[in-house]
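J.: Any chance you can model this:
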Amino acid sequence: MIRALAVLLLLCAGLAQAGPVTVEDRRGAQSFAKRPERVAVLDWALAQQVLDLDVVPVAMPEIALYSEWVATPPIPDTVADIGRRDAPDLERLAALEPDVIVISDAAPGDVARLER
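T.: Residues are numbered from 1 along each chain as shown. This next block holds a predicted model:
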């Protein structure tokens, strides 16, 4: 099952481990049998943070606009665009089969939709 985490720093601490990972977010403990490898992010700030940690996301929203307005760090060509930041294409996101979806605290209402 895909877990949607709200606290990026805790996820990133877990990414440094090779074995089972448990992190705490605002919703409680989130456990993974192994380190999540396929990470999707739903906003640009989170994309910048995971890229700064040398984690290349499998998906993020509005890559062309990010490249125009933010630009740094650059988004690798392997990252899939999942549409708008305020309304990501959840079918496309699910098809990419991320191990984890990183969201901000500003989007707690999206968690239930993302866990499906």
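J.: In a strand, Thr22, correct?
T.: Yes - counting by DSSP: H, G, I helix; E, B strand; the rest coil, Thr22 falls inside a strand.
J.: can I assume Ser67 sits in a helix?
T.: Yes - under three-state DSSP, Ser67 falls within a helix.
J.: my read: it touches Pro76, true?
T.: No - applying C-beta atoms under 8 Å, one finds Ser67 not in contact with Pro76, separated by 11.1 Å. Quick note: C-beta positions are derived from backbone N, CA and C, even for glycine.
J.: mind showing which ranges of this structure have poor pLDDT?
T.: The chain contains residues with pLDDT under 70 at 1-18, 106-116.
J.: where along it do the helices fall?
T.: 8-15, 44-52, 63-69, 90-95, 111-115 (DSSP state H).
J.: From Ala45, how far out is the residue lying farthest from the centre of the chain?
T.: Most distant residue from the mean C-alpha position of the chain: Glu68, 20.7 Å away (C-alpha atoms, centre = their mean). Distance of Glu68 to Ala45, computed by C-beta to C-beta, to the nearest Å: 16 Å.
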